[in-house]
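A.B. asks: kindly return the folded structure for what I paste below:
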Amino acid sequence: VGNRSPASAEVVEWVREAGRRETEAVTLGLAWPRAVLSLGHIAVPMPHDDPLYGLAPEATGQAGAPSLGGPAPRGESGALVVPLGSLARVRSNPFFAVITRRLDEAVRLDLQACGPGCETLFAGQTQ
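C.D. replies: Below you'll find the model as predicted:
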């Protein structure tokens, strides 16, 4: 997942099929949220609406609960024990739906390849 172009906030999925040199941009209908400049590895496994780490925890019905994902601390310097720079780090992935879609597809293909009866081994573990 990356920007469609350097001048665009729109993100696309860049796909390169096995044995091919060319990449194809698959439209996702997503864009970088305001004030998010980049993502680090810590953000990858967390959805944007995670109640503790999400940028938009209100989407989970946890409005008013403390959140580490989107604080905007104000006050005197030195008032916090935690360095402000650590609070600025993005802890959730605004493109988490892309990851879950790809994982769901991989599981579906694995179950399909496994053959008859295989799905009962994983009953209740897949959606």
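
A.B. asks: which helix is the longest one in this protein?
C.D. replies: Counting residues, the longest helix in the chain under DSSP state H turns out to be helix 96-114.

A.B. asks: the lengthiest strand in the chain: partners in the sheet, and parallel or antiparallel?
C.D. replies: Longest strand in the chain, counting residues (DSSP state E): strand 24-31. Applying DSSP bridges, strand 24-31 is found paired with strand 10-15 (antiparallel).

A.B. asks: now the strand it pairs with, how far from the centre of its chain.
C.D. replies: 14 Å (C-alpha atoms, centre = their mean, to the nearest Å).

A.B. asks: and that strand, C-alpha only, in CSV?
C.D. replies: Below are the C-alpha coordinates for strand 10-15, written out as CSV (Å, rounded to 0.1, in the frame of the first residue of the first chain):
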residue,chain,number,x,y,z
GLU,A,10,-4.8,8.8,-2.2
VAL,A,11,-3.4,5.3,-1.4
VAL,A,12,-3.5,2.3,-3.7
GLU,A,13,-2.4,-1.3,-3.4
TRP,A,14,0.7,-1.8,-5.6
VAL,A,15,0.5,-5.4,-7.0
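
A.B. asks: may I see the buried residues of it?
C.D. replies: 11-13 (16 or more other C-beta atoms under 10 Å). (Glycine included, C-beta is placed from N, CA and C.)

A.B. asks: pLDDT and distance to residue 106 added to the residues you listed, as JSON lines?
C.D. replies: Shown next, in JSON lines, are the buried residues of strand 10-15 (pLDDT from 0 to 100; distance: C-beta to C-beta, whole Å):
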{"residue": "11", "pLDDT": "92", "distance to residue 106": "21"}
{"residue": "12", "pLDDT": "94", "distance to residue 106": "20"}
{"residue": "13", "pLDDT": "92", "distance to residue 106": "14"}
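
A.B. asks: alright, I will stop here.
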